[in-house]
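Q: generate coordinates for the sequence data below:
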Amino acid sequence: MKTLFFPNDLINENDINQAALLLKQGQIVAFPTETVYGLGALIYNDKALMEISKLKGRQGSKALTVHLSNIDDVSLVAENIPDCFYKIADKFFPGPLTVLLKKKNTVSSLVSKNDKVGVRIPSCDIALKLIEKVGAPIVGTSANLSSSLPLTTGKDVYAFFKGKIAAVLDGGICDIGYSSTVVDLTSKEPVILREGIITLDEIMHSF
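A: Numbering: from 1, shown residues only. Have a look, this model is predicted:
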């Protein structure tokens with residue numbers, strides 16, 4: 001497989017359109033976020049979702065994160081959304097936060113085996129434009145093997161996944177360089193499942 005590489009200093013609307021088309025066609029595209037690079041696939045393509053897990057060498061039981069471009073699209077993948085979610089989202093979205101919500105039964109079990117779904121809106125312009133062009137949520141996971149640290153430059157992603165994925169959108173070096181905070185809102189109180197740059201104390205003070 002030929003892997004297209006769109007360099008950071010030359011990325012334009014046509015490049016974003018091309019990457020979006022590849023996703024719509026069921027291909028895997030690596031894209032930058034403010035945290036780390038992600039391997040992206042269209043949420044409605046089960047074959048592509050299985051390919052992501054295969055590329056990472058990961059257990060199929062590990063959930064994938066749904067990347068959105070706007071808050072209204074949360075209702076496409078989640079239900080019984082608590083009021084506190086919108087207060088948290090108002091303060092931290094777009095940004096380095098993943099929120100677990102009650103999953104809609106229309107969401108593939110390849111995204112999540114249980115009744116929860118992780119959603120996030122990245123603050124990286126390239127990622128947001130890509131999701132907007134696709135016109136649907138993108139399921140993503142960090143661009144690395146399951147046993148390795150996430151990659152934080154487009155060139156490293158290209159070197160590692162060349163010949164294995166359709167394209168890499170290079171956004172330069174990720175601003176943060178490590179994974180997002182993960183908070184579970186499906187219980188009575190918010191629970192931090194993974195610590196990142198956003199703390200539980202900050203989240204609790206947002207509502």
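
Q: which residues in the chain form helices?
A: 13-24, 46-56, 83-92, 125-134, 154-161, 200-204 (DSSP state H).

Q: looking at those, spot the one closest to residue 147.
A: Of all those, it is helix 46-56 that lies closest to residue 147, at 9.3 Å by C-beta to C-beta. Just so you know, the C-beta spots here come from the backbone N, C-alpha and C atoms, and that holds for glycine as well.

Q: out of the helices of the chain, flag the one nearest residue 30.
A: helix 154-161 (4.8 Å).

Q: now the closest one: buried residues?
A: Within helix 154-161, the residues scored as buried using 16 or more other C-beta atoms under 10 Å are 154, 156, 157, 158, 160, 161.

Q: what helices or strands is it leaning on?
A: strand 29-31, strand 167-169 (3 or more C-beta pairs under 8 Å, 6 or more residues apart in numbering; DSSP states H and E).

Q: and the angle from that helix to helix 125-134?
A: 60 degrees (axes from the mean of the first three to the mean of the last three C-alpha atoms, to 10 degrees).

Q: CA atoms of the longest strand along the chain as PDB?
A: For the chain, the strand with the greatest residue count under DSSP state E is strand 97-103. Taking C-alpha atoms only, strand 97-103 is exported to PDB below (Å, rounded to 0.1, in the frame of the first residue of the first chain):
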ATOM      1  CA  LEU A  97     -10.200  15.600  27.500                       C
ATOM      2  CA  THR A  98     -12.100  12.300  26.700                       C
ATOM      3  CA  VAL A  99     -15.400  11.800  28.400                       C
ATOM      4  CA  LEU A 100     -17.200   8.500  28.900                       C
ATOM      5  CA  LEU A 101     -20.900   8.500  28.400                       C
ATOM      6  CA  LYS A 102     -23.700   6.000  28.000                       C
ATOM      7  CA  LYS A 103     -23.300   4.500  24.500                       C
END
